[in-house]
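> Dropping a prediction and its sequence here:
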Amino acid sequence: MAEYDENWMHLVKNYLEYQVNLGFTQVILPKTRAVSLVSKKAESGSIVLESIRKELGDCKRCPLHSARLSIVFGEGNPNAELMFVGEGPGADEDREGKPFVGRAGQLLTKMIRAMGFDRSEVYIANIVKCLPPENRNPKTLEISTCLPFLKSQVTAVKPRVVVALGRIATSSLLNTTESLSNLRGQFHDFDGILLMPTYHPSFLLRQERDRKYKAEAWEHLQKVMAYLKSTHSHLESKDE
Ligand code: URA
């Protein structure tokens with residue numbers, strides 16, 4: 001397959017060089033072909049996500065399964081360039097089976113909109129997929145059991161940036177004990193994808209009187225937007 005791709009690229013390169021030699025400066029592609037390539041890519045992301053969901057099944061791999069109502073797998077664009085990862089479902093998410101639908105979710109949706117995206121354009125998931133009882137932090141075993149599924153989801157979606165919401169998401173994805181204050185606001189490498197740690201929306205809601213945390217989170221998100229805009233992105237095409 002890799003060899004086939006290389007040959008194919010080589011042929012395209014030769015053809016384009018030939019066109020340049022003839023004096024052409026533009027290549028006009030038929031629109032229908034471009035659209036079908038895009039939808040094929042989106043389709044392949046969703047097929048892989050479906051197979052990960054199948055593999056997860058009615059998961060009972062860790063103790064969290066016993067108190068949950070639903071497995072909150074994640075949702076959004078299977079081909080998103082931007083992905084958000086939270087900690088774990090709360091009671092609202094457990095009831096609805098969808099990530100970030102409660103108060104913290106409403107704030108996250110506003111943050112996503114402020115970045116120029118519709119919520120349906122990004123992909124949202126959590127470190128653990130089942131509600132930790134009494135809203136406690138997920139335990140190490142619960143995280144390590146669930147994390148391979150999230151990592152497969154990231155591989156399927158192939159986002160250009162992952163935004164890690166809060167300490168648990170950041171430390172789990174970066175596999176570090178470093179504090180969030182040392183990591184937030186800077187890009188880090190997560191298996192070849194840029195990861196931006198920022199505050200969890202629940203934390204921002206608890207700190208509502210102190211505007212500085214929201215302002216700081218906004219700075220982090222602006223760095224993400226600047227990166228997406230500096231390389232070919234959705235934000236650019238919206239401006240056109
Ligand atoms: N908090 C999270 O970390 N994730 C959710 O889905 C909801 C609240």
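Cool, got the structure. Numbers count the residues shown, from 1 in each chain.
> For the chain, which residue gets nearest to the ligand?
G86 (2.9 Å; C-beta to the nearest ligand atom). C-betas here are computed from N, CA, C, even on glycine.
> dump the residue contacts of that residue.
G86 makes contacts with 99-100, 104, 108, 124-127, 165-166, 169, 200-201, as judged by C-beta atoms under 8 Å, 6 or more residues apart in numbering.
> and the residue nearest the centre of the chain, what element?
Taking C-alpha atoms, centre = their mean, the centroid of the chain lies closest to M83, which sits 1.5 Å from it. Taking DSSP states H and E as the definition, M83 sits inside strand 82-86.
> C-terminal to that strand, what's the next element?
Trace forward from strand 82-86 with DSSP H and E and the next one is helix 91-96.
> Helices of the protein, start to end?
Here the chain has its helices, by DSSP state H, at 2-21, 31-56, 91-96, 103-114, 140-157, 166-174, 180-183, 201-206, 211-230, 234-239.
> near the ligand, which residues of this structure?
86-90, 93, 99-100, 102, 104-105, 126, 202 (C-beta under 6 Å from any ligand atom).
> and of the residues you listed, the nearest to K223?
Distance to K223 across those (C-beta to C-beta) is lowest for G86, with 19.3 Å.
> Read off the pLDDT value for the closest one.
pLDDT for G86: 98.
> can you pull up the bridge partners for it?
N126 (DSSP bridges).
> Report the contact partners of F203.
F203 touches 166, 213, counting by C-beta under 8 Å, 6+ apart.
> Apply 10 Å and report the result again.
F203 makes contact with 104, 165-167, 180, 213, 217 under the criterion C-beta atoms under 10 Å, 6 or more residues apart in numbering.
> picking up where we left off before, using ChimeraX, make a named selection holding only the buried ones among the contacts of G86.
One line in ChimeraX is enough to select the buried ones among the contacts of G86; burial here means 16 or more other C-beta atoms under 10 Å:
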select :99,100,104,108,124,125,126,127,165,166,169,200,201
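> And the contacts of G86, which is closest to I47?
The closest of the contacts of G86, once distances to I47 are taken by C-beta to C-beta, is A125, at 17.2 Å.
> nearest residue to the closest one other than its sequence neighbours?
Excluding its sequence neighbours, the residue lying closest to A125 (C-beta to C-beta, 6 or more residues apart in numbering) is G74, at 3.1 Å.
> ok, how many other residues are close to the one you found?
26 (other C-beta atoms under 10 Å).
> And for the one 10 residues further on?
Taking other C-beta under 10 Å as the neighbour definition, F84 ends up with a count of 27.
> from memory it sits against A104, does it?
No. Using C-beta atoms under 10 Å, F84 makes no contact with A104, being 11.2 Å away.
> any residues in contact with both of those two?
Common neighbours of F84 and A104 (C-beta under 10 Å, 6+ apart) are 165, 201.
> can you count the residues close to the nearest residue to the residue nearest to the centre of the chain once chain neighbours are set aside?
Setting aside the residues directly before and after it, M83 is nearest to P159 in space (C-beta to C-beta, 6+ apart), at 3.9 Å. P159 is flanked by 23 other residues according to other C-beta under 10 Å.
> I'd like to know how far P159 sits from D189.
As for P159, its distance to D189 is 14 Å (criterion: C-beta to C-beta, to the nearest Å).
> For these two, list the residues in contact with both.
Jointly contacting P159 and D189 under the rule C-beta under 10 Å, 6+ apart are L195.
> what's the spacing between the residue nearest to I112 when sequence neighbours are not counted and T109?
In space, and not counting its chain neighbours, I112 is closest to R119: 5.3 Å by C-beta to C-beta, 6+ apart. From R119 over to T109 the distance is 5 Å, taken as C-beta to C-beta.
> Name the residues contacting each of those two.
With C-beta under 10 Å, 6+ apart as the test, R119 and T109 both reach F100.
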